[in-house]
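*Asks:* My questions are about this predicted structure, shown below with the sequence.
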Amino acid sequence: MVMNKITTANGIIEQAKALGKEYGLFRVAVAAAEDDDVLRACSEAAKLGIAKFTLYGSENKLKEIGATNGIDYSGFTIVDCDSAAKSAYMAAQAADKGEADLIQKGFLSTSALLKTVLSKDFALRTENTVSHVAVLNFPGYHKLLGLTDGGMVVKPTFEQKIQLIENAVSLFHTLGYEKPKVAVSAPIDYIHPKMPATTEAAQLTGMSKNGEIEDCEIYGPITFEAATNREIALKRGIKNYVAGDADIFLVDSIEECNIISKVLILFSPAAFAGVIIGAKVPVSLVSRTDTAFNKLASISIACLLSHHLKRVKK
Amino acid sequence: MTANFADIEKLARERATDPVLMACVEPHEPALIVALDRAMKNRLVKPVLIGDETAIMNAAKEAGVETRGWELVRSDDPNHSVYMAQELIHDNKVGGICKGVFGAQDFLSLLFERRLGFRVHPNLVSGVMVCKNDKLDRLLLISDPIVNPQPELMDLVAILNNSVALAHKLGNKQPKAAMLAAVEVIYPQMPVTIEAAVIAKMADKNQIKGCLVDGPLSLDVALSESAAKDKGATGPVAGFADILIGPNLATSYGVYRAFALYTKSDYGLIVVGGKVPAVITSTFDSDTVRYNSLLLAVIAAK
């Protein structure tokens, strides 16, 4: 399939539908599926012809939730598990055996799920750090912006920043971007020795120039406004072509990334899709407070990534 | 209680029995001149322009503002302009300082040179963005987006206190403050959550007064009632925060820029905790944003 660049959140969902149609429905293992919010999102994705779901969880409880919330399980497979830990194990096992393309987090903590997924019982680990990317689509910016990491890595070291970039870049390859533009965040647009975020950003830029980090174009330190607004960047004398046209915004701490993303999601408001990258299969998670559309977009982007990891990258 | 910038303007007019003398450093930009003109016509501010006369005249001409009769101090060196403003502050001749065409960080560094006495020992100087977003029924104070890069615990307390003092001046007697983090619970692996919890506890023990504090809170839980409910966050602050304290400058700066650029918000930015309030705006800020910031400075000065 010839792939165009996806530039909207809706485009992510549409592409997942198209791939589901062409290659068969994505197979999603839902760990600790007893979560009405997650189940509604799964049911929506199933209806749209994106994916089919195997629910790991207490069958009784699932039936109860289904009845209360009017969720139709036709087309779903239910695997009865007596604990969240067991359900996580079985979902990971399904992914490990190649029976599931991705894992959807249900009613258990992200850390508990990842511990299981990355355990030595399975071959789902990779060398890379596991990180979270939130892909935002907000009014006023002409394309998608992937922010990382607002969900997993608390305070990335320099080495981890490289891996965070690699993870986000692989996601943008999935979205049809050949050489994503990565802006490395700082609160100022120049190097200040007392601000490590700025010196690290400069180092990453250098490594990109030297070809030590491939498949993307890195520039920093750069402020959020200059990374996303060409006019502001030019006014400040920043001519690098990442400025004002960033695809990926690499941020210095989980707080900075999480909180900026939430301003945009709540107040812009941004549509968004989030996914955990770095294991052999993507892990999708949605928050109770996400809109139905954003939940669907998150499941969709995880599907796209699984397609990329399995069919394209190999 | 003020709920938007129209209220703030009204309040500033009530407070400013005499216009606040404002030292304007390098005011070579039309948007600033327009804002000063408006503040002057409303008898809120009396500018003292410090900079290159030709550049100021050109900016005034471009702005279509008649600046005859405005006080002008000629200076052909930008750094010298800051020093002259400093002297006016030191000699109690002005009630506020306003940045024109000058890098914000360089401006602040010059302002902080101790011998010139902008800083008042032992007060911490911090920036506050005051924001009225059309989705919120109240003003939001966001701090510190501009001065302190990596505040330690007691710096954060001082940043909080500065914001609370400004909220009080804006008529909010008991503001609700959220110490922001990525999550709503305490995780030892996230030091930010521990600091936030300690500060919230300090407020419970009345070590921080004049406000209600909760933390750690994520941004959605701090501001959205429904998010607070969904995530089971209780207490008076969750969903109703008036003040957001970011764990570091990078975070607050990002929040400030995201609100400013990509939401429907009316806002202003000032620096408080010094001998006089300082107006710090960006080259791309509109005259409205600059006027809003002048209003905040007037209220902070009175």
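*Replies:* Cool, the structure landed.
*Asks:* only C-alpha atoms for contact and neighbour calcs from this point on.
*Replies:* Noted.
*Asks:* can you give me the helices in chain B?
*Replies:* B:5-15, B:30-41, B:53-63, B:78-90, B:104-111, B:153-169, B:191-204, B:219-223, B:225-230, B:249-262, B:287-301 (DSSP state H).
*Asks:* Comparing the ones you listed, which comes out most buried?
*Replies:* helix B:219-223 (a mean of 27; mean count of other C-alpha atoms under 10 Å in any protein chain shown).
*Asks:* Check which helices and strands that helix is in contact with.
*Replies:* Applying 3 or more C-alpha pairs under 8 Å, 6 or more residues apart in numbering or on different chains; DSSP states H and E, one finds that helix B:219-223 makes contact with helix A:254-267, strand B:176-180, helix B:225-230.
*Asks:* So for residue B:271, which of those sits nearest?
*Replies:* strand B:176-180 (18.4 Å; C-alpha to C-alpha).
*Asks:* pLDDT score for residue 302?
*Replies:* With no chain named, the answer covers chain A. Looking at residue A:302, its pLDDT reads 97.
*Asks:* Sorry, I should have been clearer: chain B.
*Replies:* Reported pLDDT for residue B:302: 84.
*Asks:* cool, and residue A:4?
*Replies:* 83.
*Asks:* got the contact list for it?
*Replies:* When contacts are counted by C-alpha atoms under 8 Å, 6 or more residues apart in numbering or on different chains, residue A:4 touches residue A:176.
*Asks:* Distance-wise, check it relative to residue A:25.
*Replies:* Look at residue A:4 and residue A:25: by C-alpha to C-alpha, to the nearest Å, they are 21 Å apart.
*Asks:* centroid residue for chain A?
*Replies:* residue A:275 (2.3 Å; C-alpha atoms, centre = their mean).
*Asks:* returning to that earlier point: tell me the most buried of the helices and strands packed on helix B:219-223?
*Replies:* strand B:176-180 (a mean of 29).
*Asks:* Identify the residues contacting that one?
*Replies:* Applying C-alpha under 8 Å, 6+ apart, the contact partners of strand B:176-180 are A:255, A:259, B:160, B:196, B:199-200, B:211-219, B:222, B:236-238, B:240-247.
*Asks:* Kindly supply the PyMOL command isolating those of those that are buried.
*Replies:* The PyMOL command for the buried members of these (criterion: 16 or more other C-alpha atoms under 10 Å in any protein chain shown) is given here:
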select buried, (chain A and resi 255+259) or (chain B and resi 160+196+199+200+211+212+213+214+215+216+217+218+219+222+237+238+240+241+242+243+244+245+246+247)
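*Asks:* Among the contacts of strand B:176-180, which lie within strands?
*Replies:* B:212, B:213, B:214, B:215, B:216, B:217, B:243, B:244, B:245 (DSSP state E).
*Asks:* In TSV, list those along with distance to chain A and pLDDT.
*Replies:* As requested, the ones in strands among the contacts of strand B:176-180 are exported to TSV (distance: C-alpha to the nearest C-alpha, whole Å; pLDDT from 0 to 100):
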residue	distance to chain A	pLDDT
B:212	21	98
B:213	18	98
B:214	16	98
B:215	13	97
B:216	11	98
B:217	10	98
B:243	14	98
B:244	11	98
B:245	11	98
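*Asks:* Pick the one among the residues you listed closest to residue A:48.
*Replies:* Nearest to residue A:48 out of those is residue B:217 (C-alpha to C-alpha; 35.6 Å).
*Asks:* Go ahead and confirm the closest one touches residue B:184.
*Replies:* Yes: with contacts counted by C-alpha atoms under 8 Å, residue B:217 reaches residue B:184, the gap being 4.4 Å.
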